[in-house]
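> Quick one: sequence plus predicted model below, questions after.
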2 protein chains.
Amino acid sequence: MKLHSNPASPFGRKVKVIAYEKGLIDRISLHVLQTTAVGPDLGLVADNPLGKIPCLVLEDGAPLYDSRVICEYLDQLREAPQLFPESGPDRWDALRLQALGDGIMDAALLVRYETFLRPEALRWSAWVDGQLDKVHRGLDRIETVDASGFGGRVDIGTIAIACALGYLDFRFATMGWRETRPGLAEWFETFAERPSMQSTRPDA
Amino acid sequence: MKLHSNPASPFGRKVKVIAYEKGLIDRISLHVLQTTAVGPDLGLVADNPLGKIPCLVLEDGAPLYDSRVICEYLDQLREAPQLFPESGPDRWDALRLQALGDGIMDAALLVRYETFLRPEALRWSAWVDGQLDKVHRGLDRIETVDASGFGGRVDIGTIAIACALGYLDFRFATMGWRETRPGLAEWFETFAERPSMQSTRPDA
């Protein structure tokens, strides 16, 4: 299988973490590329017309996207460890957490586009503030409601949250998200030591 | 169950179409609200810290988001009709199609934010063009590869594509997407007649 991605992409990292946790990383060849909304990679768009990474190309040439679909696909290729709970409250909680992690990444990426890609004269501070509010409210919710139940849990929910936090550390290092979220910070310190996380650091 | 949404939201429509198709719409009370990235609804953010619609609140008060998670949750509440294929190639194709429909809606929404919400002096035409390119490449892919296999198929994949097309008709009526995509146009003409689609028209 071939994976279009980039080390800086938090969604690409989520897929790679899943592949490491499942012992599938050796079956995936990485195709590293640069792509943005205003300068898409042409090889990528042939597989994913949305021009977004990650995109997995299966052995028969069929493309799979986006990261959620790829992660669930990889999870069912091997039975253990099961990273998508099969049914019931565990499944809905894990999928909601993934949506929360993905939503934090989406908002952070929109801030990045606004403050890095867009010409300076066209930047809108209210947009940046609104997206950062999503990030902070999301982190507050995880700190006050979710993090106390994380423990040693490894599933698509906690992996997505970890990738979101890793992206904040990578691109928003001065944000200081740990200051008001000691529970989440403590959990992440341990989770980030997993080989799957260490092998996929965006700054490596 | 309570659904935070708005008639104009294509992601909210996807959830409502699923609820109609499953015969579950009577169990859902709609909470109609206005929300944007720069002016979030405070009742909504109490349930979904990302401040995004749709968000479903279950009978025990637990919130579910985003639309993909809600749609799959509703699908498993009743056995028939099964809108998320359980496994195998049918599941991956349906989920990839949903990702494509969602991606077209995301790109179209970003164009809408850029041309409607953002102050005129701060608009960036290359961003609009890049997002519209995603929409057009997505539609071209569906026309040339996917649409011929749609037939009478009703699942999360075709429903997502139909909601994306409905959103283009609603907000981008002059785009003329049908002109170069006769197969997709013909399929949508029939699909849009379904009671689930008629009952959820954004312009109703």
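Received the coordinates, thanks.

> A:Thr200: what secondary structure?
Assigned state for A:Thr200: coil (three-state reduction, DSSP: H, G, I helix; E, B strand; the rest coil).

> quick one: it and A:Phe11 touch, right?
No: the pair A:Thr200 / A:Phe11 is not scored as a contact, 11.8 Å apart, by Cβ atoms under 8 Å. To be clear about C-beta, it is placed using only N, CA and C from the backbone, and glycine gets the same treatment.

> The two - which one has more neighbours?
Summary of the neighbour comparison: A:Thr200 and A:Phe11, criterion other Cβ atoms under 10 Å in any protein chain shown, with A:Phe11 having more neighbours (26 against 23).

> So the most far-flung residue of chain A relative to its centre versus chain B, what's the distance?
Within chain A, A:Ala121 marks the point farthest from the mean C-alpha position, 30.0 Å out by Cα atoms, centre = their mean. From A:Ala121 across to chain B, the span is 8 Å (Cβ to the nearest Cβ, to the nearest Å).

> any idea how far that residue lies from B:Leu122?
Summarising the geometry, the distance separating A:Ala121 from B:Leu122, computed by Cβ to Cβ, to the nearest Å, is 8 Å.

> before we move on, what about A:Ile18?
38 Å.

> These two: which is more packed in?
The residue with more neighbours, out of A:Ile18 and B:Leu122 and counting by other Cβ under 10 Å, is A:Ile18; that gives 25 against 17.

> And that one, which helix or strand is it part of?
Taking DSSP states H and E as the criterion, A:Ile18 maps to helix A:10-21.

> just checking, what packs against the helix or strand that comes right after that helix?
Reading on from helix A:10-21 to the C-terminus, the next helix or strand found by DSSP H and E is strand A:29-32. Counting contacts by 3 or more Cβ pairs under 8 Å, 6 or more residues apart in numbering or on different chains; DSSP states H and E, strand A:29-32 packs against strand A:2-5.

> buried sites along the strand it packs on?
For strand A:2-5, the buried set under the neighbour-count rule, 16 or more other Cβ atoms under 10 Å in any protein chain shown, comprises A:Lys2, A:Leu3, A:His4, A:Ser5.

> how about the helices of chain A, start to end?
With DSSP state H, the ranges of helices along chain A come out as A:10-21, A:42-47, A:67-77, A:88-112, A:125-141, A:156-171, A:182-191, A:195-198.

> nearest to B:Lys22, of the ones you listed?
Proximity of the helices of chain A to B:Lys22 was assessed by Cβ to Cβ; the nearest stretch is helix A:88-112, lying at 16.3 Å.

> what's the angle from that closest one to helix A:10-21?
140 degrees (axes from the mean of the first three to the mean of the last three Cα atoms, to 10 degrees).

> quick one: average confidence on helix A:88-112?
This predicted structure assigns helix A:88-112 an average pLDDT of 98.

> Determine how far it lies from the middle of the whole chain.
Helix A:88-112 has its average C-alpha position 8 Å from the chain's average C-alpha position, going by Cα atoms, centre = their mean, to the nearest Å.

> And it, what does it pack against?
The helices and strands touching helix A:88-112, judged by 3+ Cβ pairs under 8 Å, 6+ apart, are helix A:10-21, helix A:67-77, helix A:125-141, helix A:156-171, strand B:63-64, helix B:67-77.

> now with 6 Å?
Contact here means 3 or more Cβ pairs under 6 Å, 6 or more residues apart in numbering or on different chains; DSSP states H and E; on that basis helix A:88-112 packs against helix A:125-141, helix A:156-171, helix B:67-77.

> quick check: domain ranges of chain A?
In the domain annotation for chain A, the residue ranges read A:2-77, A:88-198 (automatic domain parsing).
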